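Trainee: would you be able to build a 3D model of this:
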Amino acid sequence: MDAIDRYKFEENGSEIRFMPNYSYLRTLVWWLALGIVALVAILFYYRGQWSGGHLGITLIPWGAYMAYFLYDLLFKVPATYIFDKSERCIYKKLYWSKKIMTFDEMTYFIRDDRGGAYYAIGKKRNQFVKNYKISNYFTDSKASRKREEEYLEKIFHPILRTIGNTANP
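Mentor: Sure, this is the predicted structure:
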């Protein structure tokens, strides 16, 4: 899977759209399927013991597990960033569009977090207070460095050209 597919990157004459967390969709669906199989196994194991507290205690961690993955599936994966060339604005679209900043306000930086780094954007004055993750995590492994180079070439540099920043990151 190349970077265009991994980020569901679309560029037309008037805007750039991409989904930074789109590559996690397949993994999340598999984990959710595993959660459903686990529920069936739990219910099969506790069949006939519906009144005991053991079933409830077992379902609490299962419910937290499923809530975590459903949250990611419903609120993180579908987040789309739109760089509108005509209005010179950046929008974040989840289920409705929200203007997050203009091209002139945007700055980008690399954040180190949890043993990896990712690219983020934010407003120049408060980029460390409120920022938006626009890439997957990259580590020092050979495969990850290759994915990062592909991300820079096919996703990040077209974004920089769109906003008018021709500096080499």
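
Trainee: the chain - how does it break down into domains?
Mentor: Domain assignment for the chain by automatic domain parsing gives 3-20+81-163, 25-76.

Trainee: I'd like those domains as JSON lines, with mean neighbour count and mean pLDDT appended.
Mentor: (Each C-beta comes from the backbone N, C-alpha and C, glycine too.) Shown next, in JSON lines, are the domains of the chain (neighbours: other C-beta atoms under 10 Å; pLDDT from 0 to 100):
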{"stretch": "domain 3-20+81-163", "mean neighbour count": "15", "mean pLDDT": "92"}
{"stretch": "domain 25-76", "mean neighbour count": "12", "mean pLDDT": "88"}
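
Trainee: which helix or which strand is home to the residue nearest to D2 when sequence neighbours are not counted?
Mentor: Computed as C-beta to C-beta, 6 or more residues apart in numbering, the closest residue to D2 that is not its neighbour in sequence is E150, at 6.6 Å. For E150, the host element (DSSP states H and E) is helix 142-151.

Trainee: one more: Y132?
Mentor: Per DSSP H and E: strand 131-133 holds Y132.

Trainee: same deal with I159?
Mentor: Secondary structure assignment for I159, by DSSP H and E: helix 157-163.

Trainee: now do the contacts for R47.
Mentor: The contact partners of R47, by C-beta atoms under 8 Å, 6 or more residues apart in numbering, come to none.

Trainee: ok, now how distant is it from P61?
Mentor: Going from R47 to P61 by C-beta to C-beta, to the nearest Å gives 19 Å.
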